[in-house]
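Novice: Sharing a model that was predicted from the sequence below.
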Protein chains: 4
Amino acid sequence: MTRLSKEILTQTIKKRPEISHKGTFGRTVLIGGNSQYGGAIIMSAEACVKSGAGLTTVITAAKNHSALHARLPEAMVVSFEETAVIDSVLETADVVLIGPGLGLDQTALKLLQKILKNQQAQQWLVIDGSAISLFSEYQLALNFPEQTVFTPHQAEWARLSGLSINKQSEKNNCAKQADLGAKIVLKSYRTTLYDQAAAYYQNPLGNPGMATGGMGDTLAGMITGFLAQFEKTIDTLAAAVYLHSLIGDDLAKTNYVVLPTSISAALPRYLKKYASERK
Amino acid sequence: MTRLSKEILTQTIKKRPEISHKGTFGRTVLIGGNSQYGGAIIMSAEACVKSGAGLTTVITAAKNHSALHARLPEAMVVSFEETAVIDSVLETADVVLIGPGLGLDQTALKLLQKILKNQQAQQWLVIDGSAISLFSEYQLALNFPEQTVFTPHQAEWARLSGLSINKQSEKNNCAKQADLGAKIVLKSYRTTLYDQAAAYYQNPLGNPGMATGGMGDTLAGMITGFLAQFEKTIDTLAAAVYLHSLIGDDLAKTNYVVLPTSISAALPRYLKKYASERK
Amino acid sequence: MTRLSKEILTQTIKKRPEISHKGTFGRTVLIGGNSQYGGAIIMSAEACVKSGAGLTTVITAAKNHSALHARLPEAMVVSFEETAVIDSVLETADVVLIGPGLGLDQTALKLLQKILKNQQAQQWLVIDGSAISLFSEYQLALNFPEQTVFTPHQAEWARLSGLSINKQSEKNNCAKQADLGAKIVLKSYRTTLYDQAAAYYQNPLGNPGMATGGMGDTLAGMITGFLAQFEKTIDTLAAAVYLHSLIGDDLAKTNYVVLPTSISAALPRYLKKYASERK
Amino acid sequence: MTRLSKEILTQTIKKRPEISHKGTFGRTVLIGGNSQYGGAIIMSAEACVKSGAGLTTVITAAKNHSALHARLPEAMVVSFEETAVIDSVLETADVVLIGPGLGLDQTALKLLQKILKNQQAQQWLVIDGSAISLFSEYQLALNFPEQTVFTPHQAEWARLSGLSINKQSEKNNCAKQADLGAKIVLKSYRTTLYDQAAAYYQNPLGNPGMATGGMGDTLAGMITGFLAQFEKTIDTLAAAVYLHSLIGDDLAKTNYVVLPTSISAALPRYLKKYASERK
């Protein structure tokens, strides 16, 4: 397993091509935020837009639209009920994130089933939070596992892999990754990444000031934004994980608790720095 | 009675443990904000999240959800009517705050009665604002007084203790504290704290620029966030009171009026400073 | 007529008394903001709270509550329809502002009639914007003219006084002020103030960068906040007018247009500065 | 074709006249923002207000009002359904923008038809985004083409002109401009401007960090604000285009992605700078 370092950033974050347009940087669709957890998908959207994704549409409960726009007019919004519009935005999406604050009810389950069923060749899928729990509970299946990322914390990984937390060894995790076929970002004290039956990376960064509600939603949004723009590989996931913690560590030097939204606010500057250091 | 000093901060605010997760820093539930006073519980929530609590859920009138999320997507929201969800979030709460902007109607009374009835062993309860008035008027009872904090101003303490303001001497307050069994944060020009029939602390700080709507709601949120993370003692309450005034005094050096939300905004930096000075 | 200078600030803005509470700094009620002009009363409220008023309640169309709280949780909110709550907050108000964004419909008229009818001894009333037009059109009357302030621009003053703009000479304005009995803040290129049949003050400050929607709403909020705290005299109105322009002039040094909300944001610092310079 | 330079700014951005009022700087009406794309018109409004327009009214879906006011209380709001109010604000408008986030449904079409039909002598019209597509699809007509601006990107210009993207040569564009009679701001990697059958300007600035959702909505708002204040000529359109890119280039020095709202936030300072450099 490779210990991540700043090189993952300079290797991944590319200079934006001079002749380009919004589509060049990807169309993302973020699905989550029920009545109780609307803040989660708002935080994901902030991370995605501020990572540099070209176009970001958020599918969330109608009650969350106003707060999202008050913070982030750059995003577009659709309600869970607007089936035709949902189908339309999904059709042209490059990367779809489902899960932050989505909850576990029938609306959530049906959305997840629709997303899984309609995943297209070339379309990437990031499955986070409660969508992982639903996927596990209902034993759902992936159409394109190699274009799918799961971002579980340890309890969610236990549900997804069947491995209780104390059995989540590198070897066992690799075996389960091979069964699933999808890429795994296993969030913990030191987040690890798995792909192609190998434990690729371990993140050496992060700090306890980041242990606060919304931090995972922010990471999921960053991963989505990174996949929309950069090579669609495990390295790009690793770069998102590493930068999320690197910013968090910098902020923790002067902040007892690191607000997730403060990480997103810092993204444009940090991305610029590492894009500039690219050889 | 001990005059508080900065030592209460360095003694109370601990370094966050390296290996930890959101749960390590407590699950808080904040209840308040009716149709008229929604801003109160928003200000409590900002103080609680920015104090470093791990997870913060706000139970408030549905009309307040959007403004809360526009300011603080880090919090989760539940409406007063969502009985099943309320029961669920209360069950796992470490600290419950009830009162800021709650009002005095039947909805408020029933919520307070539910909270009091269902308080669990290990679960702390902070009773503030109109919830103190309701508690007094309906002569409600505490299940776990030793795990309960009242944060009255002098008029609310008169209702709760039966002591008119001119009889609120240290001795009389101690006697009433002993009757109630709960910890008392008696807010006034120089806030005092009572526990175990003793007048423990007096806060020497604070300034008239802090005399503006929402300052008490912010303190209640800080107390909740502190109890979620630090030792559940009168000292921790005292640290919240002292830091609230210390930040207020610093801000008043350049501001004629100190906005409550500006105190919350400064919390992550001040907490970091005193955590770092801890021996 | 006296040309205003910075002395009006050091004479008016007093040090806040050490032993005080929210009530010391006044209870204000701001009425305005219909479906179209909700931003107006939001801007008034920001100016009032940031001027240092102790408690601020905003009576506005329900659709404006969420945006108000998203910007300013420090304020309390009531809808136009909540008659009982309106009566209750008016009863204890020290200063009432009516007009910013209120509009001209029956709801507006009835609110204005209620306010005029129920004005109490000791209670001050500021009449701004469309409330001036309604007052003129329906030939309404004042219970306590000496405790009432009108803040017309020239066209509104024409309606109120019957003086067409080219007849608004100092002499004619004085005569009309004597008829009305109320204090007049006549907004124009160089705002003038009238009281007791005399032209008291002329404001030498202000700049064309301040000619943008919301500037008058912000001034009305400052006047309300100042009356809540300082001597209830023409001097205090003059101090509000002067400081509003002074901040505007400072901001215009680096801004082509001065956003009204940027004036309110600067208030706590400017007020502190002049309170400190008071002899 | 002239390559734009900073001179277009110092020639266009005039010092605000000392004796002036809100009306001096124009009444603007911005129409757009349906259920899905509310952020678009919010971003246009921020750009328009911060460009210095005197009064800005936004006609948008009711669900967008709260978020707009939470960000920008300086604007006024009207819903798509409020026909009488719409007619009233249109009657006194100096510049009308239609299109950002408007969508393509019947509500959008009817609004566009109303605007086109009622355009008055002296009233300028900016047609952007989906309104261009509707104009093309339904072969609508202009009453005052010489007072009309289209701001298409290349695909929208293809629909409007009938020229496929590879046929959009300078010569062909000029011919089509002559047919339409309106001024054309053709957005692309290097935006060009056409008027009176001539290719007037090419913008040499801009960067790929600006390729993100909302950038065009922000430009449309700037164009509207500029037309409200400055000479109503192709030069003023060019100045808006150039400043939009100039700010974007400055922000891109430290930001990987340039948020459209960060351009609007910088407008008052940049406009001041170039107004001051005017000879």
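Specialist: The structure has been received and is ready for your questions.

Novice: For the rest of this, base every contact and every neighbour count on C-alpha atoms.
Specialist: Noted.

Novice: So A:Lys14 versus chain B, what's the distance?
Specialist: As judged by C-alpha to the nearest C-alpha, to the nearest Å, A:Lys14 and chain B stand 30 Å apart.

Novice: In terms of helices and strands, where is that residue?
Specialist: Per DSSP states H and E, A:Lys14 falls between elements, in no helix or strand.

Novice: just the one 3 residues further on next, same as before
Specialist: For A:Pro17, there is no host helix or strand (DSSP H and E).

Novice: from what I can see it touches D:Pro208, true?
Specialist: Yes. Shown here, A:Pro17 and D:Pro208 form a contact pair, counting by C-alpha atoms under 8 Å, at 6.6 Å.

Novice: So for those two, which sits in the more crowded spot?
Specialist: Set side by side, A:Pro17 and D:Pro208 show more neighbours around D:Pro208, with 23 against 12, by other C-alpha atoms under 10 Å in any protein chain shown.

Novice: Helices of chain A, residue ranges please.
Specialist: Assignment of helices within chain A using DSSP state H yields the ranges A:7-12, A:38-51, A:65-71, A:83-91, A:106-118, A:130-137, A:154-161, A:170-180, A:215-229, A:234-252, A:260-277.

Novice: and the lowest-mean-pLDDT helix or strand in chain A, what does it pack onto?
Specialist: Across the helices and strands of chain A, mean confidence by mean pLDDT, DSSP states H and E is lowest for strand A:198-202: a mean of 91. The contact analysis (3 or more C-alpha pairs under 8 Å, 6 or more residues apart in numbering or on different chains; DSSP states H and E) places strand A:198-202 against strand A:2-3, helix A:170-180, strand A:192-195.

Novice: What angle do helix A:170-180 and it make with each other?
Specialist: With axes from the mean of the first three to the mean of the last three C-alpha atoms, to 10 degrees as the criterion, the two stretches strand A:198-202 and helix A:170-180 enclose an angle of 120 degrees.

Novice: Give me the angle between strand A:198-202 and helix A:234-252.
Specialist: Using the same axes, to 10 degrees: strand A:198-202 against helix A:234-252 is 20 degrees.

Novice: C-alpha coordinates for strand A:198-202, PDB please?
Specialist: What follows is strand A:198-202 as a C-alpha-only set of coordinates in PDB (Å, rounded to 0.1, in the frame of the first residue of the first chain):
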ATOM      1  CA  ALA A 198      -5.300  -4.200  -4.300                       C
ATOM      2  CA  ALA A 199      -4.900  -1.800  -1.500                       C
ATOM      3  CA  TYR A 200      -3.700   1.100  -3.400                       C
ATOM      4  CA  TYR A 201      -3.300   4.000  -1.100                       C
ATOM      5  CA  GLN A 202      -3.400   5.100   2.500                       C
END
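
Novice: And it, how far out from the chain middle?
Specialist: Centroid displacement of strand A:198-202 relative to its chain, using C-alpha atoms, centre = their mean, to the nearest Å, is 18 Å.

Novice: partners of it in the sheet?
Specialist: With DSSP bridges as the test, strand A:198-202 is paired with strand A:2-3 (parallel), strand A:192-195 (antiparallel).

Novice: Burial check on A:Lys138, number of neighbours?
Specialist: Careful, residue A:138 is Tyr and not Lys. Counted by other C-alpha under 10 Å, the residues lying close to A:Tyr138 total 10.

Novice: Just to check, A:Ser51 is in contact with A:Pro268?
Specialist: Yes. A:Ser51 is in contact with A:Pro268 according to C-alpha under 8 Å; the separation is 6.5 Å.

Novice: ok, these two, which is more surrounded?
Specialist: Set A:Ser51 next to A:Pro268 and count neighbours by other C-alpha under 10 Å: A:Ser51 wins out with 28 against 22.

Novice: ok, for that one, nearest residue in space, not its chain neighbours?
Specialist: What sits nearest to A:Ser51 in space, not counting adjacent residues and going by C-alpha to C-alpha, 6 or more residues apart in numbering or on different chains, is A:Gly225, at 5.5 Å.

Novice: distance of that neighbour from A:Thr28?
Specialist: 7 Å (C-alpha to C-alpha, to the nearest Å).

Novice: Common neighbours of those two, please.
Specialist: A:Ala53 (C-alpha atoms under 8 Å, 6 or more residues apart in numbering or on different chains).

Novice: re the thing from before, assess the claim that the residue nearest to A:Ser51 and A:Ala47 are in contact.
Specialist: Yes. Under the contact definition of C-alpha under 8 Å, A:Gly225 touches A:Ala47, with a separation of 7.5 Å.

Novice: Next, count neighbours for A:Glu7.
Specialist: When counting by other C-alpha under 10 Å, one arrives at 12 neighbours for A:Glu7.

Novice: Just the pLDDT for it.
Specialist: The score at A:Glu7 is 96. That number is its pLDDT.

Novice: ok, back up a step: give the full set of residues in contact with the residue nearest to A:Ser51.
Specialist: A:Thr28, A:Ala47, A:Cys48, A:Val49, A:Ser51, A:Gly52, A:Ala53.

Novice: please redo it, this time with the cut-off set to 10 Å
Specialist: A:25-28, A:44-56, A:95-97, A:219, A:240 (C-alpha atoms under 10 Å, 6 or more residues apart in numbering or on different chains).

Novice: follow-up on the earlier one: between A:Ser51 and A:Pro268, which contacts overlap?
Specialist: Residues touching both A:Ser51 and A:Pro268 comprise D:Tyr256, D:Val257, with contact defined as C-alpha under 10 Å, 6+ apart.

Novice: what about A:Lys167, how many neighbours?
Specialist: Each residue near A:Lys167 was counted by other C-alpha under 10 Å, and the total is 12.

Novice: and the closest residue to A:Ala158 other than its chain neighbours, how many neighbours does it have?
Specialist: Distances taken as C-alpha to C-alpha, 6+ apart place A:Ser164 nearest to A:Ala158, at 5.0 Å, with adjacent residues excluded. In terms of burial, A:Ser164 registers 14 neighbours under the definition other C-alpha under 10 Å.

Novice: now A:Ser164: how far from C:Ser35?
Specialist: From A:Ser164 to C:Ser35 the distance is 56 Å (C-alpha to C-alpha).

Novice: and what of A:Leu227?
Specialist: 43 Å.

Novice: the more surrounded of these two?
Specialist: With other C-alpha under 10 Å as the criterion, A:Leu227 and C:Ser35 differ in neighbour count, and A:Leu227 comes out ahead with 27 against 21.

Novice: ok, the more buried one to A:Tyr194 distance?
Specialist: Here A:Leu227 is placed at a distance of 16 Å from A:Tyr194 (C-alpha to C-alpha).

Novice: same question, A:Glu137
Specialist: From A:Glu137 across to A:Tyr194, the span is 22 Å (C-alpha to C-alpha).

Novice: next one: A:Val96
Specialist: Going from A:Val96 to A:Tyr194 by C-alpha to C-alpha gives 20 Å.

Novice: Could you list which residues are in contact with the spatially most central residue of chain A?
Specialist: Relative to the mean C-alpha position of chain A, the nearest C-alpha, by C-alpha atoms, centre = their mean, is the one of A:Ala220, at 2.2 Å. With contact taken as C-alpha under 10 Å, 6+ apart, A:Ala220 is in contact with A:30, A:41, A:43-45, A:47-48, A:97-100, A:126-129, A:149-151, A:185, A:214, A:226, A:237, A:240-241.

Novice: How about A:Asp105?
Specialist: Taking C-alpha under 10 Å, 6+ apart as the criterion, A:Asp105 is in contact with A:Asn34, A:Ser130, A:Leu134.

Novice: Check A:Asp128 too.
Specialist: If a contact means C-alpha under 10 Å, 6+ apart, then A:Asp128 has A:32, A:97-102, A:149-153, A:156, A:185, A:216-217, A:219-221 as its contacts.

Novice: how does it look with 8 Å?
Specialist: Going by C-alpha under 8 Å, 6+ apart, A:Asp128 touches A:Leu97, A:Ile98, A:Gly99, A:Pro100, A:Phe150, A:Thr151, A:Pro152, A:Ala220.

Novice: Kindly report the same for A:Val257.
Specialist: By C-alpha under 8 Å, 6+ apart, the residues touching A:Val257 are A:Gly209, A:Met210, A:Ala211, A:Thr212, B:Lys50, B:Ser51, B:Gly52, B:Pro268.

Novice: I am finished for the moment; much appreciated.
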